[in-house]
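*Asks:* The sequence and its predicted three-dimensional model are supplied below.
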Amino acid sequence: MQSQGSSIHDQMLTCECRERENDHLPSRPTSDLHKELLMPRHLRPVRACQALEVCSRSWLLKSAMLLLFAPTLLGVASAEPTDELVALVNDYRNENRNCGIRPVQSVGPLTPHVGLSKLTASGPDDLKEAFRAQDYTPSKVQVLQVSGFGSSNSAMDMLKKHYCEPLMNPQYVDIGVSRTGNTWRVVLARPVVSPNLKDWPDEGREILRLTNEARAEARKCGEKMFEAVAPLTWAAKLGAASLTHSRDMASQNYFSHRSKNGGQVNSRVDEQDYAWQGVGENIAAGQGSAQQVVSAWLSSPPHCANLMGKDFSEMGAAYAIDKNSDTTIYWTQVFATPR
């Protein structure tokens with residue numbers, strides 16, 4: 001509800017570089033957050049961890065955690081108002097919604113993009129030039145603007161009221177937020193797949209490098225701070241398990257930790273003859289580079305916590321592309337601790 005004395009207006013500027021009629025995936029469970037007990041097989045009665053699953057359909061990002069003990073939690077860091085609005089948008093996307101009369105399943109968090117927060121444009125032509133200035137080539141973009149709100153929470157309330165469908169659109173991958181006085185601008189965009197994408201082993205090792213770079217520092221995952229942890233090492237068998245799942249999702253056009261034949265990350269790792277005592281997985285779809293994927297995982301509390309897991313010592317990662325699928329490119333990151 002608007003407080004007395006404030007003026008409200010909102011506008012939407014849309015520049016569609018490519019339309020897609022089918023932006024949904026095959027049906028799946030509609031629960032927005034599933035918690036399971038996933039225990040190392042030889043330690044099953046011992047204290048378990050949670051399996052956190054956050055679903056989406058565009059760049060489609062989920063995380064599953066299989067850990068023996070919960071990570072060490074430290075204090076809470078403050079955030080800029082624009083960062084707070086990004087977090088509020090991502091929290092909103094992590095739950096099922098009713099946009100008008102149409103139910104919408106939860107979608108994964110958007111990746112904060114500095115260039116998108118710097119865009120200044122008053123129309124589609126200006127917007128194209130602004131993207132060129134930021135060296136960003138979108139395949140789809142939408143700009144939302146609300147005015148008259150002094151806090152990120154009140155701005156988010158108005159965005160939810162008027163822009164449920166774009167906020168929950170699974171085709172968007174990146175987000176940029178800017179603020180001028182009490183006017184907030186939210187840019188939602190999806191980039192084209194990077195033409196410089198290397199073969200999956202190279203991109204997988206780039207994900208390893210970026211993951212270890214993140215693990216080297218204490219890091220805020222949502223409202224929690226995780227202490228710095230030891231770097232992970234590359235495991236070829238975990239890379240193979242990642243590739244198997246990415247290829248399966250791409251070729252069969254679905255997004256889930258559970259494959260069409262019922263297998264999950266533990267069974268895929270077992271198929272590689274890898275003896276494990278803890279295993280976990282992050283998946284994503286739609287991002288055009290390893291940098292975008294890791295940034296997305298770090299922007300989502302459960303995926304960030306998975307990535308910062310101190311009980312993991314090895315990882316593998318891979319991607320697969322099918323241009324006939326809904327999101328073109330699918331990524332998988334598998335963590336484990338050998339027995």
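*Replies:* On my side now, so go ahead.
*Asks:* mind showing which ranges of this structure have poor pLDDT?
*Replies:* Scanning the chain with the threshold set as pLDDT under 70 gives 1-79, 121-125.
*Asks:* how's it carved up into domains?
*Replies:* Per the TED database, the domain ranges recorded for the chain read 81-191, 200-338.
*Asks:* Could you single out the most deeply buried of these?
*Replies:* Mean neighbours per residue, mean count of other C-beta atoms under 10 Å, is largest over the domains of the chain for domain 200-338, with a mean of 21. Bear in mind the C-beta positions are built from the backbone N, C-alpha and C, glycine included.
*Asks:* so how far is that domain from its chain's centroid?
*Replies:* 12 Å (C-alpha atoms, centre = their mean, to the nearest Å).
*Asks:* cool, and stretch 82-101?
*Replies:* Here the centre of stretch 82-101 is set off from its chain's centre by 13 Å, with C-alpha atoms, centre = their mean.
*Asks:* for stretch 197-205, same thing?
*Replies:* Its chain's C-alpha centre and that of stretch 197-205 lie 19 Å apart, by C-alpha atoms, centre = their mean.
*Asks:* just stretch 140-153 next, same as before
*Replies:* 21 Å.
*Asks:* Show the end-to-end separation of it, please.
*Replies:* Distance between the two ends of stretch 140-153: 27 Å, counting by C-alpha to C-alpha, to the nearest Å.
*Asks:* Also stretch 223-236?
*Replies:* Stretch 223-236 has an end-to-end distance of 34 Å (C-alpha to C-alpha).
*Asks:* can you check stretch 257-267 too?
*Replies:* With C-alpha to C-alpha as the measure, stretch 257-267 spans 11 Å from end to end.
*Asks:* now stretch 154-171
*Replies:* Note: stretch 154-171 ends 26 Å apart using C-alpha to C-alpha.
*Asks:* can you tell me the helix or strand for the nearest residue to residue 119 once chain neighbours are set aside?
*Replies:* Once flanking residues are discounted, residue 119 sits nearest to residue 130: 4.5 Å by C-beta to C-beta, 6 or more residues apart in numbering. Using DSSP states H and E, residue 130 sits within helix 124-133.
*Asks:* Distance from that helix to the middle of the chain?
*Replies:* Helix 124-133 sits 26 Å away from the centroid of its parent chain (C-alpha atoms, centre = their mean).
*Asks:* next SSE after that helix?
*Replies:* Sequence order places strand 138-147 as the next helix or strand after helix 124-133, per DSSP H and E.
*Asks:* doesn't residue 116 make contact with the residue nearest to residue 119?
*Replies:* No - applying C-beta atoms under 8 Å, one finds residue 130 not in contact with residue 116, separated by 9.4 Å.
*Asks:* hey, what's in contact with both of the two?
*Replies:* Residues touching both residue 130 and residue 116 (C-beta atoms under 8 Å, 6 or more residues apart in numbering): there are none.
*Asks:* got the residue ranges for the helices in the stretch 151-300 of the chain?
*Replies:* For the stretch 151-300 of the chain, the helices defined by DSSP state H, counting those that start in this stretch occupy 152-162, 164-167, 200-215, 236-252, 265-271, 290-298.
*Asks:* closest one to residue 314 among the ones you listed?
*Replies:* For residue 314, the closest of these is helix 236-252, at 6.1 Å, according to C-beta to C-beta.
*Asks:* Give me the angle between the closest one and helix 200-215.
*Replies:* Interaxial angle, helix 236-252 versus helix 200-215 (axes from the mean of the first three to the mean of the last three C-alpha atoms, to 10 degrees): 110 degrees.
*Asks:* List of residues touching helix 236-252?
*Replies:* For helix 236-252, using C-beta under 8 Å, 6+ apart, the contacting residues are 200-201, 204, 255-256, 259-260, 265, 268-269, 271-274, 281, 283, 285, 314-322, 325, 329-336.
*Asks:* Now intersect those with the strands, please.
*Replies:* The strands, defined by DSSP state E, take in 281, 283, 285, 314-321, 329-336 from the contacts of helix 236-252.
*Asks:* For residue 276, which residues are in contact?
*Replies:* Counting by C-beta under 8 Å, 6+ apart, residue 276 touches 40, 266, 269, 336-339.
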